[in-house]
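**Q** quick one, what's the 3D model for this:
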Amino acid sequence: MDILRKLIGDSSVWLESLVYDLSEHKLLINLVDNPTSLNFSRQIVVSDIISFDETIDEFDNDLTDSIIGIHWLEDAVSLCIKTEAREIIVKTSTEPYATKNT
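**A** Model (predicted):
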């Protein structure tokens, strides 16, 4: 089940940063309004991570990465986060949520 639209709402799919905090077992995905102005617009939080696996494609530092999809896998505890440059599979015991810049 794809939950990308639910999490980003009216925000864009452009990434400012994507950081896995190992000590907090939390993935923070910061989105910007557009790739030109890069104003922070929303943060997606995946917490209570049990396992984290990341595959990085050939990455171009000159391009702004964006989210292609976020969806639950068949086991309903694994979440796949696909961007233009990487694929992340996390197992989590909680539902991801988003906070909007106010």
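
**Q** in this structure, which spans are strands?
**A** Along the chain, the stretches classed as strands by DSSP state E are 15-21, 26-32, 40-46, 49-56, 67-72, 78-83, 86-92, 97-100.

**Q** can you tell me which of the ones you listed is nearest to Ile3?
**A** Nearest to Ile3, of all the strands of the chain, is strand 67-72, at 5.4 Å by C-beta to C-beta. (C-beta placed from N, C-alpha, C; glycine too.)

**Q** pick out the residue nearest the middle of this protein.
**A** Taking C-alpha atoms, centre = their mean, the centroid of the chain lies closest to Ile29, which sits 4.4 Å from it.

**Q** ok so, going back, redo the strands of the chain as CSV? Include mean pLDDT and distance to Asp2.
**A** Converted to CSV, the strands of the chain look like this (pLDDT from 0 to 100; distance: least, C-beta to C-beta, whole Å):
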stretch, mean pLDDT, distance to Asp2
strand 15-21, 94, 18
strand 26-32, 96, 15
strand 40-46, 95, 14
strand 49-56, 95, 19
strand 67-72, 95, 4
strand 78-83, 96, 10
strand 86-92, 96, 14
strand 97-100, 91, 15
